[in-house]
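[1] What follows is a predicted structure for the sequence shown.
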Amino acid sequence: MKENQAQLEPLLNETMLSIQSFEPNILAALCHKLSKIEKLCRWNVGNEIWTVLESEIIQSAEFFNPMGTSNVAWALATARRSSPAVWNELGNAALRNIHEFSPQASANTVWAYATVGHSSPLLFDKVAEGALSCLLKFNSQAIANTVWAYATVNHTSPKLFDKVAKVALPLLHEFKPQEVANTVWAYATVRHSAPQLFDKMAEVTLPCLHEFNSQAIANTVWAYARVGHSSPELFDKVAMIVLLRRHEFNSQEIANIIWAYATVGHSSPQLFDTIKSIPLPRLREFNSQAIANAVWAYATVGHSAPQLFDNVAEVAVPRLHEFNSQEIANTVWAYATMNQSSSQLFEKVAMVAPPRLHEFNSQEIANTVWAYATIRHSAPQLFDMVTVVALPRLHEFNPWDLANMVWACATVSHSSPKLFDKVAMIVLPRLHEFNSQAIANIVWAYAVFNFPSNVDFGLHSDLIRLIVSSIESFDDKGLRQLHQWNLWGKERTGKSVLPLDVAEHCLRVFNSKEGTHSRLENNVARVLHNMEVCFEVEVQLNSGYSIDFLVSIDQREIAVEVDGPYHFIGQTKNQNGSTRLKHRQIRALDNLTVVSIPYWEWYANEENINGDKSKGHVRYLKKLLK
């Protein structure tokens with residue numbers, strides 16, 4: 001028939017003239033054959049003919065036998081005909097005699113409904129009910145198509161999936177690559193656990209994995225990652241195949257594969273090295289989900305790819321309106337995690353995100369502000385809107401999200417007493433839910449702002465007891481934060497809130513962090529020396545803080561801090577939370593005047609007079625220190 005396509009049209013026209021006289025099952029057979037011809041010959045018979053057929057199907061559906069109903073459903077789905085009226089009538093017809101459907105007819109019918117996306121819950125319930133008693137008669141294609149259909153329309157049927165997981169095991173050697181991929185994809189999509197099935201599927205699949213097409217490979221590893229099922233041999237073999245056949249994979253498949261490797265934590269440096277070299281024109285083919293998944297994957301496994309991140313930023317910035325809330329949050333989280341700066345990307349997100357923050361869930365909100373704080377990018381309007389949106393929803397936040405939220409606000413010095421008051425009310429009765437790092441982040445954040453209304457919470461006896469009882473679980477970063485929190489307690493009460501031994505342990509760890517001398521500090525030291533000012537370098541104070549210079553002048557001691565770019569929020573002149581906290585606590589506890597030398601002021605006062613650059617700096621320091 002392929003060779004005689006010219007004869008098809010007149011034959012079809014003649015058939016359509018007498019279509020109204022066709023018996024129902026002849027009509028069903030015609031639909032089935034016509035769809036097969038379209039598929040085989042790649043010939044579109046046209047909308048007009050299918051519309052006539054659909055009208056006749058509606059009139060005759062109740063008279064179809066089970067095979068007729070199934071054949072018509074398959075034909076319409078294959079032709080991508082989605083008229084609700086037709087599918088409703090077919091569903092009614094199927095329900096009348098569903099108990100008479102063969103395994104193949106049942107599988108084809110639900111496959112058809114899923115393919116056109118037509119919901120029919122009662123039909124799917126009845127098919128599942130009937131299938132449970134005859135699954136042993138299903139072949140591999142019928143099994144794969146059935147579970148694929150239920151997953152595609154998101155129709156849950158735990159009993160059916162449990163039974164399939166058992167029945168399929170002895171048949172797995174019969175599964176074709178697409179059937180393997182569809183089956184594991186279905187279980188992953190509905191998140192139905194079937195470890196024995198996945199283990200056996202991986203074992204059977206390994207020898208024939210080279211037969212899988214790119215989509216089947218991508219869907220398979222995606223499915224294993226989605227259900228959290230580890231299969232190192234499978235992932236190793238897939239990595240080898242992808243490296244050999246990388247040009248066959250489209251953008252979505254590439255993104256799904258690296259997402260899968262990152263999700264299950266399977267190391268494949270060569271795979272990630274190869275994919276990170278993807279050229280910019282091909283990267284433009286990625287949709288928003290693929291873009292976000294790609295950078296998220298690299299950040300999750302910690303695989304450096306600066307050029308990829310630069311290219312992604314170039315592609316993403318003009319298309320950020322296409323990104324959903326999760327994709328926006330995952331993207332900025334990835335850049336911050338990899339310490340990959342992209343001012344243009346973060347600026348654009350800060351413009352796009354605020355009007356859409358009501359779409360963000362609690363984790364997405366927390367991850368977004370965490371990213372901005374981590375990368376030190378100023379976005380006051382974003383943080384203002386986050387505060388407004390988050391306040392009535394704080395009960396939705398899990399412990400880690402609450403900790404990240406207040407830590408981010410403190411880090412960028414974004415003051416919100418109402419937010420901190422509300423978080424305190426939520427955290428106190430739930431302290432047992434917070435891990436050590438979350439506790440450290442929270443108490444550090446409260447120490448930074450020193451809100452009077454937060455003292456009762458920040459120094460609450462329950463909080464102190466929890467910290468003391470779990471002190472061994474805090475890492476060095478957490479212990480340094482606890483020391484600064486303990487200093488806050490001294491600010492407020494005049495004494496340590498921690499027992500002496502615990503306080504000393506935190507102080508030792510705090511003191512153990514070695515500082516580094518910057519070129520700017522060396523320049524300041526040179527000018528101070530030329531001024532014949534008495535000063536000491538890198539002085540450790542009783543509070544535990546180390547200052548750049550302790551200057552003695554006119555019987556006064558002044559703490560001089562040289563504040564480079566890292567002490568400020570992005571390109572602004574606003575000090576970050578760490579710097580504000582340090583200066584405040586030195587003033588309060590070490591009884592010293594603190595003088596800050598911001599890097600931009602130092603450079604602004606540089607004058608070159610007859611080759612001497614120090615005269616402007618001398619005038620500047622004299623003014624600061626008088």
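    Happy to help now that I have it.

[2] and residue 407, what does it touch?
    Counting by CB atoms under 8 Å, 6 or more residues apart in numbering, residue 407 makes contact with 370, 373, 441, 442, 444, 445. Yep, even glycine has a C-beta here, placed from its N, CA and C like the rest.

[3] Could I get the average pLDDT for stretch 294-314?
    What stretch 294-314 shows for mean pLDDT is 97.

[4] One more: stretch 354-370?
    Mean pLDDT, stretch 354-370: 97.

[5] Any buried residues in that stretch, and which?
    By neighbour count on 16 or more other CB atoms under 10 Å, the buried set for stretch 354-370 is 354, 357, 360, 362, 363, 364, 365, 366, 367, 368, 369, 370.

[6] So residue 550, which state does it fall into?
    strand (DSSP: H, G, I helix; E, B strand; the rest coil).

[7] Hmm, it is touching residue 535, no?
    Yes - using CB atoms under 8 Å, residue 550 is in contact with residue 535, at 6.4 Å.

[8] which residues do the two both contact?
    Joint contacts of residue 550 and residue 535 (CB under 8 Å, 6+ apart) are residue 560.

[9] Next, the distance between the ends of stretch 506-520.
    With CA to CA, to the nearest Å as the measure, stretch 506-520 spans 30 Å from end to end.

[10] Pull the residues that contact it.
    Applying CB under 8 Å, 6+ apart, the set of residues contacting stretch 506-520 from outside is 476, 479-480, 482-484, 486, 498, 538, 540, 544, 546, 562, 564, 599, 602.

[11] Please repeat the previous calculation with a cut-off of 10 Å.
    Stretch 506-520 has contacts (CB atoms under 10 Å, 6 or more residues apart in numbering) with 467, 471, 474-487, 496, 498, 521, 524-525, 537-538, 540, 542-548, 562-566, 597, 599, 602-603.

[12] Make JSON lines from the buried residues of stretch 354-370 and add distance to residue 512 and secondary structure to it.
    Supplementary listing: the buried residues of stretch 354-370 in JSON lines, determined by distance: CB to CB, whole Å; DSSP: H, G, I helix; E, B strand; the rest coil:
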{"residue": "354", "distance to residue 512": "41", "secondary structure": "helix"}
{"residue": "357", "distance to residue 512": "40", "secondary structure": "helix"}
{"residue": "360", "distance to residue 512": "39", "secondary structure": "coil"}
{"residue": "362", "distance to residue 512": "36", "secondary structure": "helix"}
{"residue": "363", "distance to residue 512": "34", "secondary structure": "helix"}
{"residue": "364", "distance to residue 512": "36", "secondary structure": "helix"}
{"residue": "365", "distance to residue 512": "35", "secondary structure": "helix"}
{"residue": "366", "distance to residue 512": "30", "secondary structure": "helix"}
{"residue": "367", "distance to residue 512": "31", "secondary structure": "helix"}
{"residue": "368", "distance to residue 512": "33", "secondary structure": "helix"}
{"residue": "369", "distance to residue 512": "30", "secondary structure": "helix"}
{"residue": "370", "distance to residue 512": "26", "secondary structure": "helix"}
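
[13] Report the two of those separated the most.
    With distances taken as CB to CB, the most widely separated pair in these is 354 and 363, at 17.9 Å.

[14] Low-confidence bits of the protein, can you list those?
    1-15, 17-18, 20-21, 40-43, 608-612 (pLDDT under 70).

[15] That one: strands as residue ranges?
    Applying DSSP state E to the chain gives strands spanning 534-540, 546-553, 556-563, 593-598.

[16] which strands and helices sit next to the third one?
    When contacts are defined as 3 or more CB pairs under 10 Å, 6 or more residues apart in numbering; DSSP states H and E, strand 556-563 sits against helix 519-530, strand 534-540, strand 546-553, helix 577-589, strand 593-598, helix 599-604, helix 614-625.

[17] at 8 Å what do you get?
    In terms of contacts (3 or more CB pairs under 8 Å, 6 or more residues apart in numbering; DSSP states H and E), strand 556-563 is packed against helix 519-530, strand 546-553, helix 577-589, strand 593-598, helix 599-604.

[18] swap in the second one?
    If you count contacts as 3+ CB pairs under 8 Å, 6+ apart, strand 546-553 packs onto helix 519-530, strand 534-540, strand 556-563.

[19] again with the first one
    Packing partners of strand 534-540 (3+ CB pairs under 8 Å, 6+ apart): helix 519-530, strand 546-553.

[20] Let me have those in a markdown table, adding distance to residue 429 and mean neighbour count as columns.
    Below are the helices and strands packed on strand 534-540 laid out as a markdown table (distance: least, CB to CB, whole Å; neighbours: other CB atoms under 10 Å):
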| stretch | distance to residue 429 | mean neighbour count |
| --- | --- | --- |
| helix 519-530 | 46 | 15 |
| strand 546-553 | 38 | 19 |
